[in-house]
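**Student:** here's a sequence, model it:
(one chain, ligands or ions: 1)
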Amino acid sequence: LDPEEFRREGYMVIDFLADYYRNVEKYPVRSQVEPGYLRERLPESAPSHPEPIDTILKDVMNDLVPGLTHWQSPNHFAYFPSSASIAGILGETLAAGFDVVGFNWMSSPAATELETIVMDWLGRMLTLPKSFMFSGNGGGVLLGTTCEALLTTIVAARDRLLERIGRENIGKLVVYGSDQTHCSFHKSAKIAGIHPKNIRKIKTTKSSAFGLRPDSLRSAVEADVEAGLLPLFLCATVGTTSTAAVDLLGPLCDVAKDYGIWVHVDAAYAGNACICPEFRRYIDGVEGVDAFSFNAHKWFFTTLDCCCLWVKDPGALVKALSTSPEYLSNRATDSKQVDYKDWQITLSRRFRALKLWLVLRSYGVENLRNFIRKHVKMAMRFEELVAEDQRFEIPVPRFFAMVCFRISPTAILKQLYSSCHQHCQKYVEEDSVNDMNRKLLDSINGEGHIYMTHAVVDGVFVIRFAVGASLTEMRHVMNAWKIVQEHAGELLGQTLC
Ligand code: PLP
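**Tutor:** All right, here's what the predicted structure looks like:
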């Protein structure tokens with residue numbers, strides 16, 4: 001690794017990325033390539049001899065960039081955001097540059113100690129109770145994804161219970177989420193050895209805005225207990241993937257407490273917003289839960305991957321996940337320093353704290369709050385525009401910076417009646433309304449100027465408009481709305497029967 005060569009090539013890569021960001025708005029947001037496109041362009045085998053970085057960067061531009069979906073485009077309103085920033089990217093670069101493997105304190109003391117400090121800083125920003133902080137005998141850890149956070153905590157809860165009642169009872173353990181809980185919960189529970197028939201997806205309804213109701217949880221738990229099963233774990237979500245709905249933590253914890261259930265809060269998206277005092281109420285009751293996680297790589301201007309997990313009982317994680325091979329033994333471990341390898345699935349780990357530290361220091365708490373507020377404000381403006389146009393409806397309430405909307409059945413019927421004199425019934429069915437909205441989304445995304453994705457809640461197809469890309473300004477939101485209106489106008493203008 002020649003430092004001067006690194007400098008030369010490093011400048012070229014940063015220049016390349018700076019140009020990418022300057023032009024990102026011009027690319028079709030959703031990649032327009034067909035499956036297999038890249039194999040047709042790249043050689044069958046790796047090159048035998050070195051190739052210069054400028055040639056490689058040219059190929060990145062010509063061959064890879066067309067196959068990217070541009071998550072950092074200001075016109076990306078799909079899924080949940082992945083908000084990059086200068087500090088996030090440079091923090092990632094610094095960490096990759098040092099390339100330390102901080103599995104325990106000794107293997108890179110700064111990596112471990114910075115992580116404990118940053119997790120306490122963040123915990124304070126969220127006003128998490130002291131019991132989640134290192135000073136309160138809890139603590140935080142940076143993992144890759146929410147899926148890992150769920151897996152580690154289910155395993156910790158599982159072993160804590162099985163140690164008491166015997167390993168032979170694993171088949172009786174039951175875990176709970178709602179029908180809105182992210183699929184990573186299901187996956188994690190399965191990996192943790194929970195029998196698939198014991199993974200509950202409790203039904204939610206529009207009347208509770210698709211939040212999990214405590215009485216539904218209680219009924220499910222009571223039925224399981226009566227059947228001789230053992231309630232283990234609840235995954236409550238603050239900001240569900242489909243509609244950003246919120247499970248109310250306080251009342252759910254009251255139920256969980258009665259049965260000794262471990263409660264994990266998956267706040268992957270919305271947890272980011274809870275650093276703003278005005279959104280903090282969405283995690284009221286967090287003092288009653290066992291673990292809380294959110295993805296800083298979603299809406300905290302930090303690059304993928306960076307899931308922040310806090311637990312009240314790190315001992316439960318360590319008991320379930322620690323390994324002590326002789327080659328890792330050292331005096332620091334003996335003196336009870338944090339060895340993060342025991343808080344996660346893998347042994348080796350990345351220096352994720354560095355990018356978070358850069359983000360926190362480069363922007364400061366107030367600016368981070370203001371970025372989030374700006375996104376919420378833009379989503380509110382979009383919501384107003386949708387509400388003003390009678391052809392559309394907002395079937396579920398807006399939470400945070402995401403609006404779910406659709407062409408309304410009434411608008412479709414109105415158009416149908418004006419163009420069909422036989423009063424045909426084709427668009428009365430919900431399926432047909434869903435089809436029309438699916439067509440609208442396909443038509444918009446196919447054009448490539450903006451990108452949105454969908455959800456189906458209670459049988460209703462909704463288009464999700466999630467604001468959160470770092471480069472998005474109000475003009476992008478206004479333009480997106482214009483595009484939606486144009487495509488809807490064209491669709492509704494066609495003969496419908
Ligand atoms: N939980 C929620 C609520 C999500 O919205 C998502 C992804 O969007 C996830 C979990 C999955 O996160 P990860 O990819 O970090 O496992």
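
**Student:** how about the residues of the stretch 1-150 of the chain near the ligand?
**Tutor:** With CB under 6 Å from any ligand atom as the criterion, the stretch 1-150 of the chain meets the ligand at residues 80, 145, 146, 147. Yep, even glycine has a C-beta here, placed from its N, CA and C like the rest.

**Student:** reformat these as JSON lines; add neighbour count and secondary structure.
**Tutor:** Below are these laid out as JSON lines (neighbours: other CB atoms under 10 Å; DSSP: H, G, I helix; E, B strand; the rest coil):
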{"residue": "80", "neighbour count": "23", "secondary structure": "coil"}
{"residue": "145", "neighbour count": "17", "secondary structure": "coil"}
{"residue": "146", "neighbour count": "27", "secondary structure": "helix"}
{"residue": "147", "neighbour count": "20", "secondary structure": "helix"}
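
**Student:** which pair of those spans the longest distance?
**Tutor:** 80 and 147 (14.5 Å; CB to CB).

**Student:** how about the strands in this structure?
**Tutor:** 139-143, 173-178, 199-202, 230-237, 262-266, 291-295, 307-311, 392-393, 402-407, 453-457, 460-466 (DSSP state E).

**Student:** sheet partners, orientation included, of the shortest one?
**Tutor:** Right, strand 392-393. Using DSSP bridges, the strands paired with strand 392-393 are strand 402-407 (antiparallel).

**Student:** what's the answer for the second one, then?
**Tutor:** With DSSP bridges as the test, strand 173-178 is paired with strand 199-202 (parallel), strand 230-237 (parallel).

**Student:** next: the fifth one.
**Tutor:** Based on DSSP bridges, the pairing partners of strand 262-266 within the sheet are strand 230-237 (parallel), strand 291-295 (parallel).

**Student:** so for residue 124, which of these sits nearest?
**Tutor:** strand 291-295 (13.5 Å).

**Student:** C-alpha coordinates for the closest one, CSV please?
**Tutor:** C-alpha atoms of strand 291-295 as CSV (Å, rounded to 0.1, in the frame of the first residue of the first chain):
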residue,chain,number,x,y,z
ALA,A,291,-34.2,-3.4,24.0
PHE,A,292,-34.5,-0.6,21.5
SER,A,293,-33.0,-0.2,18.0
PHE,A,294,-33.0,2.2,15.1
ASN,A,295,-31.2,2.4,11.8
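
**Student:** show residues contacting that strand.
**Tutor:** Contacts to strand 291-295, defined as CB atoms under 8 Å, 6 or more residues apart in numbering, come from residues 128, 132, 143, 145-146, 149-150, 153, 262-272, 274, 283, 286, 300, 306-312.

**Student:** re earlier: would you format the strands paired with strand 262-266 as CSV with mean neighbour count included?
**Tutor:** Below are the strands paired with strand 262-266 laid out as CSV (neighbours: other CB atoms under 10 Å):
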stretch, mean neighbour count
strand 230-237, 27
strand 291-295, 28
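
**Student:** a markdown table for the ones you listed, including mean pLDDT and distance to the ligand?
**Tutor:** Shown next, in a markdown table, are the strands paired with strand 262-266 (pLDDT from 0 to 100; distance: least, CB to the nearest ligand atom, whole Å):
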| stretch | mean pLDDT | distance to the ligand |
| --- | --- | --- |
| strand 230-237 | 98 | 5 |
| strand 291-295 | 98 | 5 |
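
**Student:** pLDDT wise, what is residue 262 at?
**Tutor:** In this model, residue 262 is scored at 98, pLDDT.

**Student:** residue contacts, residue 462?
**Tutor:** Shown in contact with residue 462 (CB under 8 Å, 6+ apart): 242, 243, 395, 396, 404, 405, 406, 437, 454, 455, 456.

**Student:** what subset of the residues you listed is buried?
**Tutor:** Buried by 16 or more other CB atoms under 10 Å: 242, 243, 395, 396, 404, 405, 406, 437, 454, 455, out of the contacts of residue 462.

**Student:** if we only consider the residues you listed, which is nearest to the ligand?
**Tutor:** Comparing these against the ligand with CB to the nearest ligand atom places residue 242 closest, at 8.8 Å.

**Student:** which residues touch the closest one?
**Tutor:** Applying CB under 8 Å, 6+ apart, the residues near residue 242 are 180, 210, 404, 455, 456, 457, 462, 464.

**Student:** for the residue nearest to residue 201 when sequence neighbours are not counted, give me the pLDDT.
**Tutor:** Once flanking residues are discounted, residue 201 sits nearest to residue 179: 4.7 Å by CB to CB, 6 or more residues apart in numbering. Looking at residue 179, its pLDDT stands at 97.

**Student:** touching stretch 194-203 from outside, list them.
**Tutor:** Counting by CB under 8 Å, 6+ apart, 154, 158, 170-179, 181, 185-186, 189-190, 212, 216-217, 220, 224, 229, 232 sit against stretch 194-203.

**Student:** one more time with 10 Å, if that's ok
**Tutor:** 154, 158, 170-181, 185-190, 210, 212-213, 216-217, 219-221, 223-224, 229-235, 458 (CB atoms under 10 Å, 6 or more residues apart in numbering).

**Student:** filter those down to the buried ones, ChimeraX style.
**Tutor:** Selection command for ChimeraX covering only the buried members of the contacts of stretch 194-203, criterion 16+ other CB under 10 Å:
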select :154,158,170,172,173,174,175,176,177,178,179,180,181,185,186,188,189,210,212,213,216,217,220,221,224,229,230,231,232,233,234,235
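
**Student:** show me which of the contacts of residue 242 is closest to residue 414.
**Tutor:** Distances from residue 414 to the contacts of residue 242, taken as CB to CB, are shortest for residue 462 (20.1 Å).

**Student:** what's opposite the closest one in the beta bridge?
**Tutor:** Applying DSSP bridges, one finds that residue 462 bridges with residue 455.

**Student:** what does the domain assignment say about the chain?
**Tutor:** Using automatic domain parsing, the domain ranges for the chain come out as 3-70, 101-350, 361-493.

**Student:** any idea which of those scores lowest on pLDDT?
**Tutor:** domain 361-493 (a mean of 92).

**Student:** now residue 379: closest residue in space, sequence neighbours ignored.
**Tutor:** Residue 379 sits nearest to residue 401 (CB to CB, 6+ apart), 4.0 Å away.

**Student:** any idea how far the nearest residue to residue 31 once chain neighbours are set aside lies from residue 445?
**Tutor:** Computed as CB to CB, 6+ apart, the closest residue to residue 31 that is not its neighbour in sequence is residue 69, at 4.8 Å. Applying CB to CB, to the nearest Å, the value for residue 69 to residue 445 is 10 Å.

**Student:** quick one: which of the two has more around it?
**Tutor:** A direct count of neighbours by other CB atoms under 10 Å for residue 69 and residue 445 places residue 445 higher, at 21 against 16.
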